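S.K.: Dropping the sequence and predicted coords here.
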Amino acid sequence: MKKTISSALSLIIILSYVLIIFTFNTGKAEAAVFSISSNRLFKDPSPNKPNTFYFVGMVYYEVWKNSGGSWTGAGHHPDSVVRKVDGGTYEFTFGTNRKIKSIEVKQFDFSWTHANATFQTSRTGELKDKSQEYYQGATSIVNYNNYEKTPVSGLGTNKAQKAVYVQNGVLTAKNRIDRKLEEQVENDQVFAPGVEGYRYYFPTLFAIELEPPEGMAIIQHFDTKGNPLNGIDGFTDKEMKLEKGKDYTFPHTAPGEKYTYEGHKKSTRETYKTR
């Protein structure tokens, strides 16, 4: 009886141990994808860029030193160079009637004309807990406008993704974030003596350009009784994409000897229907 209970208990402990390992490994394997809706994008106010939107992503890198005095992870420490800062993947979504043409990234310039407006629009909700000065002070002071060229998936649709990697990011800032202190103050965390942790930001500007809004002109031909003439005596129906802000003219098809042009009917909602 004792042997049976001991075996059952051992089995429970083993199963629990496997479950814990599985849970932690699954979490670590998940890649970071940041979904950004269009209401967090700042629209370029220039009439020359009516389809350009901006977003600032707060790419960052953290370093920690344990109580034994060793810098953990890849061993990076303050003032060291990180060959590849993984900023995660950003996904931008627009209305179903819009198509994404391109997404470009570069170093965010806090002195740029639209810097404040872009920053405030991007950092909505809980992201407003920290001020712009908080992020700016912890931004690397060494130029980091050196991004790995990554493809954009989803171009030509209303949803697209782009992965961001800062190359050779330098961990030096005017006011680096003391992560140990933040955790102590905000979350009552307790650390062993000698532990240190710091965060450095690499704010990244996304410029998203959309295809111009489109409409569709559908040109059809009928006789005065409402009978379709498409494919008859030189008449050919056609469709043409329209871009907002452009002027278009649609001359009527020469009717030939059998027909006389009588006029046209216009609909702004659907194709013309025969009676």
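M.R.: Structure's in. What do you need?
S.K.: And what about Tyr61, helix, strand or coil?
M.R.: strand (DSSP: H, G, I helix; E, B strand; the rest coil).
S.K.: Tell me how many other residues surround it.
M.R.: 22 (other CB atoms under 10 Å). Where you see a C-beta, it was placed from the backbone N, CA and C, and this is true even at glycine.
S.K.: Next up, the contacts around it.
M.R.: Listed by CB atoms under 8 Å, 6 or more residues apart in numbering, the contact set of Tyr61 reads His76, Val82, Val85, Gly169, Leu171, Arg199, Tyr200, Phe202.
S.K.: Quick one, grab the pLDDT at it.
M.R.: pLDDT, Tyr61: 97.
S.K.: how far away is it from Lys99?
M.R.: 34 Å (CB to CB, to the nearest Å).
S.K.: ok so, going back, nearest to Lys49, of the contacts of Tyr61?
M.R.: Among the contacts of Tyr61, Phe202 lies closest to Lys49 (CB to CB), at 25.1 Å.
S.K.: Show me the shaky parts of the stretch 1-150 of the chain.
M.R.: 1-31, 126-127 (pLDDT under 70).
S.K.: in the stretch 1-150 of the chain, which spans are strands?
M.R.: 33-37, 42-43, 52-65, 81-93, 100-107 (DSSP state E, counting those that start in this stretch).
S.K.: Next, format these as a markdown table and append distance to Tyr134.
M.R.: Below are the strands of the stretch 1-150 of the chain laid out as a markdown table (distance: least, CB to CB, whole Å):
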| stretch | distance to Tyr134 |
| --- | --- |
| strand 33-37 | 19 |
| strand 42-43 | 20 |
| strand 52-65 | 10 |
| strand 81-93 | 18 |
| strand 100-107 | 18 |
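S.K.: So which of those strands is nearest Gly125?
M.R.: That would be strand 33-37 among these, by CB to CB, at 11.1 Å.
S.K.: Please identify the buried residues of the closest one?
M.R.: Ile36 (16 or more other CB atoms under 10 Å).
S.K.: got it, and stretch 33-49?
M.R.: Counting neighbours by 16+ other CB under 10 Å, one finds that the buried residues in stretch 33-49 are Ile36, Ser38, Arg40, Leu41, Phe42, Lys43, Asp44.
S.K.: Quote the end-to-end distance of it.
M.R.: For stretch 33-49, the first and last residues are 28 Å from each other (CA to CA, to the nearest Å).
S.K.: Is the residue lying closest to Arg83 once chain neighbours are set aside within a helix or a strand, and which one?
M.R.: Nearest residue to Arg83, sequence neighbours excluded (CB to CB, 6 or more residues apart in numbering): Asn168, at 6.0 Å. Using DSSP states H and E, Asn168 sits in strand 159-170.
S.K.: ok and that strand relative to strand 52-65, angle-wise?
M.R.: In terms of direction (axes from the mean of the first three to the mean of the last three CA atoms, to 10 degrees), strand 159-170 departs from strand 52-65 by 40 degrees.
S.K.: how far is whichever helix or strand comes after strand 159-170 from where the chain is centred?
M.R.: Helices and strands here follow DSSP H and E; after strand 159-170, the next one along the chain is strand 177-178. Computed by CA atoms, centre = their mean, to the nearest Å, the chain-centroid distance of strand 177-178 equals 27 Å.
S.K.: Stretch 102-109 now?
M.R.: Per CA atoms, centre = their mean, the centroid offset for stretch 102-109 relative to its chain is 11 Å.
S.K.: and what of stretch 194-206?
M.R.: With CA atoms, centre = their mean, you get 20 Å for stretch 194-206.
S.K.: can you check stretch 142-160 too?
M.R.: Using CA atoms, centre = their mean, the offset of stretch 142-160 from its chain centre is 9 Å.
S.K.: how far does that stretch stretch from start to finish?
M.R.: Taking CA to CA, the first and last residues of stretch 142-160 lie 30 Å apart.
S.K.: From Ile208, how far out is the nearest residue to Ser38 once chain neighbours are set aside?
M.R.: Leaving aside its sequence neighbours, Ser38 sits nearest to Phe94 (CB to CB, 6+ apart; 5.0 Å). In this view, Phe94 and Ile208 are 9 Å apart by CB to CB.
S.K.: how about the helices in this protein?
M.R.: 2-29, 115-122, 132-137, 179-187 (DSSP state H).
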